[in-house]
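In: next input, structure requested:
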Amino acid sequence: MSHDASELRRFLSSEFAGALLADGRPHPVRFVRSARSGRLVMPVEHDVLDAGELVLFVPEEGVEATQLLLDGRRGDESDSAAIMRWSAYHADAQFAYWLSAAVSSAKHHDEVFDESEIDLANPLARDEPALVRRANADLQVLASACADATGRVPEHALAVGADDLGIDIRLRFGVVRLWFAERAGDADAARPLIDALLGQAR
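Out: This is a model prediction of the structure:
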């Protein structure tokens, strides 16, 4: 992955909502990345599944937005872990239908990337549950760390995801990302980076 494509992945690591254009018709959506495959999974209206063209604007529709051309299909049992992940990040789904989509091309900051340059999978997917448990070991400290990042003390904070770049925290008003000071090459490197994030809030 090139440096610029890495910046695209970093950007999408902290975004969880956007505007999905299904054959030109806009739909507000909330999504997650499948940890193992990197596919984007989201609940949608039924007609979205029949669309010939799917373009996701992140964080919202506009000329400055990042644009993702999606290759989608209806979510099935192979996406069950990602659907459970969506519920952890966003709570209840408004729609009963699920879209599972690979990113076939992207435009980010006027740079265009094809499918071969885009990898949104989590390199620490196997170790993610243990890393999330580590982050949730002291929820009061976790909330303090979120306060440092957002400028306000959350009523509720729960870690729901972790990768080589940081951890995702679900708050009552949405999901925020706490970034590591450096990229973690593996789980052994991620553990002290999580401890450092929380240690700053003690």
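In: quick one: contacts of the longest strand seen in the chain?
Out: As assigned by DSSP state E, the longest strand anywhere in the chain is strand 97-108. Strand 97-108 is touched from outside by 4, 7-8, 11, 34, 37-46, 48-49, 54, 56, 66-76, 79, 82-83, 112-115, 118, 120, with contacts defined as C-beta atoms under 8 Å, 6 or more residues apart in numbering. In short, each C-beta sits where N, CA and C put it, glycine included.
In: average pLDDT for that strand?
Out: For strand 97-108, the mean per-residue pLDDT is 95.
In: residues in contact with residue 195?
Out: residue 134.
In: quick one: end-to-end distance for stretch 113-121.
Out: End-to-end distance of stretch 113-121: 16 Å, with C-alpha to C-alpha, to the nearest Å as the criterion.
In: pLDDT on that stretch, on average?
Out: Rounded mean pLDDT across stretch 113-121 is 94.
In: on that earlier part again, which of the contacts of strand 97-108 are buried?
Out: Among the contacts of strand 97-108, those classed as buried by 16 or more other C-beta atoms under 10 Å are 8, 34, 37-45, 48-49, 54, 56, 66-70, 72, 75, 79, 82-83, 113, 118, 120.
In: take these and keep only those in helices.
Out: Of the buried ones among the contacts of strand 97-108, the ones assigned to helices by DSSP state H are 8, 82-83.
In: now render these as TSV, adding pLDDT.
Out: As requested, these are exported to TSV (pLDDT from 0 to 100):
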residue	pLDDT
8	94
82	91
83	90
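In: domains in the protein, by residue range?
Out: 3-117, 125-199 (automatic domain parsing).
In: would you mind measuring from the nearest residue to residue 118 once chain neighbours are set aside to residue 95?
Out: Distances taken as C-beta to C-beta, 6 or more residues apart in numbering place residue 103 nearest to residue 118, at 5.1 Å, with adjacent residues excluded. Residue 103 is 21 Å from residue 95, where distance means C-beta to C-beta, to the nearest Å.
In: settle it for me: which of the two has more neighbours?
Out: residue 103 (23 against 14; other C-beta atoms under 10 Å).
In: for the more buried one, give its distance to residue 9.
Out: 10 Å.
In: what is in contact with the two at once?
Out: With C-beta under 8 Å, 6+ apart, residue 103 and residue 9 have common neighbours 118, 120.
In: wait, doesn't residue 28 sit right on residue 17?
Out: Yes: the pair residue 28 / residue 17 is scored as a contact, 7.3 Å apart, by C-beta atoms under 8 Å.
In: start to end distance for stretch 12-20?
Out: 15 Å.
In: can you name the residues bridging to the residue lying closest to residue 113 once chain neighbours are set aside?
Out: Nearest residue to residue 113, sequence neighbours excluded (C-beta to C-beta, 6+ apart): residue 106, at 4.8 Å. Residue 106 has the following beta-bridge partners by DSSP bridges: residue 68, residue 113.
In: start the count at 35, not 1, going forward
Out: OK, 35 is where the count begins now, so the last one is residue 140.
In: distance of residue 140 relative to residue 61?
Out: 19 Å.
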